[in-house]
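A.B. asks: Requesting a structural model of the entry that follows:
(one chain, ligands or ions: 1)
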Amino acid sequence: MPTSQDLTAPATATNPDAAHTGNGHPAPAACGPGYADAHAADYDRWFSKPGITGATVDTLANLAGDAPVLELGVGTGRIALPLAERGLDVHGVEASHAMIRRLREKPGGTRIKVTMGDFADVPLTGTFSLVYAAGGTFFELADREAKQRCLAAVADRLAPGGALVLDSHVPEALAVAAASGVPEVVSETDEHLVLCHRRIDPSTQTYRSHYVIHETDRTRHLRIHFHYVSPGELDLMAERAGLRLIQRQGNWAGGPFTKDSTYHVSVYGPR
Ligand SMILES: C[S@@+](CC[C@H](N)C(=O)[O-])C[C@H]1O[C@@H](n2cnc3c(N)ncnc32)[C@H](O)[C@@H]1O
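C.D. replies: Residues are numbered from 1 along each chain as shown. Okay, the predicted model is just below:
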C-alpha cells in the first residue's frame, strides 16, 4: 500500500491544490511542460475524448487488482476520476498545479491522492497493482534517460502480478501522417475546432504536436513536445528495468496490434 505522507489532505483555502511532494515538503515548481499550466482551464473542453476515455477506463479497471492504482501525469483526472468512481483507490503524480486545481474542482476530485513532482522519479512510496500513463503522456519525458529512470522506479513499486500500461502513436504512422500535411481533427463541436499537425525530427526521436484551436472569439496555438521510442525499443527499455511485455493492443478498445496499427497500448508486468 502507498505510504501516503499525507497525500490525502482535502483542498482548503490555504492549500487549494491539496497535493504534496512525496516527502511532505512544499511542492516544487512545475517540472512538466508549461502548456499544462497555461491551458488547464481549457484542457477538458478540448481533449475530453469521450469514446476513447470510456474504453481507457474499462481497460484499466479490468487490469487493476486489490492494491491502489497510480496515474503518471494525472492532469485534470480525465481517467482517474471515473476509475475512483468504480471504487479504485487512485493516486496520481503531476507537475502542474493548475491541472490539479481543475481536478480538485470536479465532483470527487478531492478523493484522488496527488503527489506533486516529476513522474520520471515516481516520487512516492508503496506498491500499486496498476501504474499507467494515458494519452501518450509517458512520451512527454524528454529523453531516454528519464524514461529508463521512470521504468525502473515503476518496477520497484509494482505489486506482484501488477501491470504497467503505456500508450503511444506508432512512430512510422506518425511520420506518414506528418508527411501528408493533412492535420488531424482532434475534436469538433459547435463552439470549437481543434486541429493537430505533428512535426517529427528522427535525428532526435522527437516530435512536436501543434494544436490549433479555433473558438468563436479567438484562435490559440498549443505546442506539446514528445520524445518517442518504437514499441520494440520500449520493450527493451522495460526489460532493462525488470519488466516484460505481457500484451500489446492496437487501441484502448482492445483491437489487435497489426501491421496496419497506428497506435499501441502496451501492458508490462514484473519479470
Ligand atoms: C496530456 S496531459 C494528460 C493528462 C491525463 N493523463 C489525461 O489523460 O487526461 C499530460 C499531463 O502530464 C503532466 N506531465 C507531463 N510531464 C510530466 C512530468 N515529467 N511529471 C509530472 N507530470 C507531468 C502534464 O502537466 C499534464 O497534466
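
A.B. asks: buried residues in stretch 87-107?
C.D. replies: In terms of neighbour count (16 or more other C-beta atoms under 10 Å), stretch 87-107 has its buried residues at 88-104. Quick note: C-beta positions are derived from backbone N, CA and C, even for glycine.

A.B. asks: Show me which residues of the chain are close to the ligand?
C.D. replies: 31-33, 36, 73-75, 78-79, 93-96, 99, 118-120, 134-135, 137, 140-141 (C-beta under 6 Å from any ligand atom).

A.B. asks: Which of the residues you listed fall in helices?
C.D. replies: With helices identified by DSSP state H, the entries of the residues of the chain next to the ligand that belong to them are 36, 99.

A.B. asks: wait, isn't residue 199 in contact with residue 177?
C.D. replies: No - if you go by C-beta atoms under 8 Å, residue 199 and residue 177 don't touch, sitting 11.2 Å apart.

A.B. asks: Would you agree residue 43 falls within a helix?
C.D. replies: Yes - read with DSSP: H, G, I helix; E, B strand; the rest coil, residue 43 is one of the residues of a helix.

A.B. asks: quick one, phi psi at the residue of the chain positioned farthest from its centre?
C.D. replies: Farthest-out residue of the chain from its mean C-alpha position, per C-alpha atoms, centre = their mean: residue 217, at 30.0 Å. For residue 217, the backbone dihedrals (degrees, to the nearest 10) come out as phi -100, psi -10.

A.B. asks: Distance of it relative to the ligand?
C.D. replies: 24 Å (C-beta to the nearest ligand atom, to the nearest Å).

A.B. asks: show me what contacts that residue?
C.D. replies: Contacts of residue 217 were listed using C-beta atoms under 8 Å, 6 or more residues apart in numbering, and none were found.

A.B. asks: Fine, thanks again, bye for now.
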